[in-house]
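Peer 1: fold the following and give me the result.
(chains A and B)
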Amino acid sequence: MKRGKKKGLFATSYLTLVMIVLYVPIILTVIYSFNANKSGTVWSGFSLKWYEELAGDRSLKEALINSLVLALGSCFFAILIATSAALGMRNRVSKLDKVMSYMSSLPIMIPEIILGMVFLGVFSFMNIPFGMVTLMISHTAFCIPYIFTMVQARLEGMERNLEEAALDLGAKPWEVFRDVTLPAIMPAIGSGALLSFAMSFDDVVISIFVTGARTNTLAVKIYTKLKTGVTPEINALATVILLITIIMVVLSEMIKERTKTKEGDSI
Amino acid sequence: MAGAGRRKSNNWALVAPLYLFTILFVGLPLIYMVYLSFMSRAKVWGFTNDFTLQNYLQILEPIYMSTFGTSLKLAVLTTAIVTLIGYPFGYFMARLGAKAKRLMMIGIMIPFWTSSLVRLNGWIIVFRSNGVLDKLLMWIGLTDEPLKLLYSYPAVVFGMVYALCPFMMLSVYSSAEKLDWRLLEAASDLGAGRARAFFDIAFPLTMPGLMSGIVLTFIPSMGLFFVADILGGSKVVLIGNVIQEQMTKGRNLPFAAALSVVLMLMTSCMLGLYRKICGNWKGLD
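Peer 2: Sure, this is the predicted structure:
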C-alpha cells in the first residue's frame, strides 16, 4: 500500500514537471508580448503597444488572410476528396484501393523537406505559377491523410444495421446518407478538419518551397523574422496565434465529448 | 444502392477524386524527383536531359557524407531522449483517473497544436544571451556571466526533443491506456517484484505504442531543418538545410533531388524495419 502511494507521488511530480517545461516557452511568449521594453531582455512595465503595432501592420494582415484562406480552402478540398474516398472504399477494398490509400498517406510519412522539394520540382515542370494555387494543392495533399484515416476508422466502427433499416423502410440512398451516415461520420470529419487546419496554418517547410514571390503566409513570415531574432511584435503575434489554437483544441475536445455522450445514449 | 452492380459504379465516382489527386500530386511528383536526380545540372537554373550519376557520386564527397552523419546522429539522439522522457510520461498518464486524463490530454494538445514557430520563439527568449535562463542561473549563483546557449548544438537538440516529445507521449499513452492493470496486480500478488512485473507484462504490451512513437519521432527529426536553422544559427548543418540550400542558393535541382532520394530511402528503411518488428511482435502474440 505504502509503496503504491510513493509511486503515485513520483508519477504525479514527474507529470507535473514535464507539463511545466512544456508550457515554459508559451507562457514566456505571452508575458513578453506585454513588455514595454523594446530589447525584450528586460521587463519594463506593461504595455499594449506591440498589439497596436500588429494591428497597424498591413503586410502581416495580408499574410494572416492568406493563411486563413489557405487553411480553410485546403481543409475544404481535403474533406471532399477524403470523405468521398473513405465512403467509396467502404464496401470493397481492392488491392488498388490499398495501394492508393497508402500512396495518399505518403505526404505525412515522408520528411516535409522532401515533399517541399518534390512539389517545387513538379509545379515548375507543370508550369503552374507559384502562389495560392500551388500552396492550396500542396496543403490539400497533406491534409487528406488526416481526414481520410479518421473517417475511415469511424466508418469501420459503424454498424450497417441502421442504414439498412432505413433503406428497407423506403428511404432513398441520398436520404440515408444525409440522415444516417453523415451525422455519424461528422465528428470524424470535424476532428480531422481541425487537425489539418492546424497543420496547414502552422506549415513552414512546404510553404517556403511553393509560395511565390508575392504570396506570403503567416508562418513563413514569422519564420523569416525569427531568423533575424525575436522582436516584441512577434511575441504579440505568437500570442494571437496561441489564442486561435486554444479555441481549436477546446472545440475538438467538445466534439469528442459530444460523440462520447451520444454513443453512451445509444447504448 | 439497391443492386451490387450499381453500388460498384457509385464507388468509382467516390474514389475517383482521391485516385486522381494522389496520382497527379503525390505519385507523379515522386517519380519526377527520382528522374530529376539522374539529370545533369544546367548552367544557370534547371537541368538538362542528360543521364548522369554525378549527383549520387557527389553525395559521397566527405562534406555531404558528414552532413548525413550529423543528421542521423541528431535524429538518433533526439529519438533516444524523447523516448526516455516521453515513455514514462505516457505510461504514468495512462494510470491517472478519467478526469485527470482528460485534463492532461488538453494540456498536451495545446502546445502540440500550437505553431512550432510560436514555441521556438519562446525558447529563444529562454536561451538567448542574457535571456531568462541566464538570468536565473546567475541569480542562483551557478554562473557569473551569460552562457552562450542559443545557437549551439545543445539548443538544437533541446528544440527537437521539445517539438517531438508529444508524439511519443501520445502514442505510448494510447497503447498503455488499453493495458489491463489487473494483470500487473496479479503478477505482484504472485510475488513478482515491481520491476519484474513491469518488464514482463507492461513493457511488452506497450511496445506497439513505443515503436510507433519512435517512428513518429525519428522520421520528422531527419527533416526538421528549421529548428536547426533558428536555434542553431548556421552552426548545425543538417541534410534538410543542405537540400534547401541547394534548391534556393545553389540552384542545383538535380543534386537536391538526389539528396532527397537518399533521405527518403533512409526513412523508408526505418519504416520497413518498424513494420517488420511490429509484424514479428504480432506474430509472437
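
Peer 1: and the helices in the stretch 51-200 of chain B?
Peer 2: According to DSSP state H, counting those that start in this stretch, the stretch 51-200 of chain B carries its helices in the segments B:54-59, B:62-94, B:98-113, B:116-127, B:132-140, B:153-176, B:181-189, B:194-197.

Peer 1: between the ones you listed, which gets nearest to chain A?
Peer 2: helix B:116-127 (2.2 Å; Cβ to the nearest Cβ). Backbone N, C-alpha and C define where each C-beta goes, glycine included.

Peer 1: same for the closest one, what does it pack against?
Peer 2: helix A:2-33, helix A:218-227, helix A:232-266, helix B:132-140, helix B:153-176, helix B:225-231 (3 or more Cβ pairs under 8 Å, 6 or more residues apart in numbering or on different chains; DSSP states H and E).

Peer 1: who are the contact partners of residue A:53?
Peer 2: A:233, A:236 (Cβ atoms under 8 Å, 6 or more residues apart in numbering or on different chains).

Peer 1: ok, residue A:199 touching residue A:143?
Peer 2: Yes - at 6.9 Å, residue A:199 counts as touching residue A:143 under the criterion of Cβ atoms under 8 Å.

Peer 1: re earlier: is it possible to get CSV of the helices of the stretch 51-200 of chain B that adds mean pLDDT and mean neighbour count?
Peer 2: As requested, the helices of the stretch 51-200 of chain B are exported to CSV (pLDDT from 0 to 100; neighbours: other Cβ atoms under 10 Å in any protein chain shown):
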stretch, mean pLDDT, mean neighbour count
helix B:54-59, 90, 17
helix B:62-94, 92, 19
helix B:98-113, 85, 16
helix B:116-127, 84, 24
helix B:132-140, 80, 15
helix B:153-176, 90, 22
helix B:181-189, 79, 13
helix B:194-197, 78, 13
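
Peer 1: closest to residue A:70 out of these?
Peer 2: helix B:116-127 (15.7 Å; Cβ to Cβ).

Peer 1: residues in contact with the closest one?
Peer 2: Taking Cβ under 8 Å, 6+ apart as the rule, helix B:116-127 contacts A:24-29, A:32, A:40, A:202, A:204, A:219, A:222-223, A:226, A:229-230, A:234-235, A:238, A:241-242, B:111, B:131-133, B:149-150, B:155, B:158-159, B:162-163, B:226-227, B:230-231.

Peer 1: mind checking which of those residues are buried?
Peer 2: A:24-26, A:28-29, A:32, A:40, A:202, A:204, A:219, A:222-223, A:226, A:230, A:234-235, A:238, A:241-242, B:111, B:131-133, B:149-150, B:155, B:158-159, B:162-163, B:226-227, B:230-231 (16 or more other Cβ atoms under 10 Å in any protein chain shown).

Peer 1: any weak-confidence spans in chain A?
Peer 2: A:1-7, A:39-42, A:92, A:229-230, A:260-267 (pLDDT under 70).

Peer 1: how does it look with 80?
Peer 2: Scanning chain A for pLDDT under 80 picks out the ranges A:1-8, A:36-45, A:91-93, A:157, A:159, A:212-213, A:227-232, A:255-267.

Peer 1: closest residue of it to chain B?
Peer 2: Closest point on chain A to chain B, by Cβ to the nearest Cβ, is residue A:25, at 2.2 Å.

Peer 1: having no further points to raise, I will conclude here.
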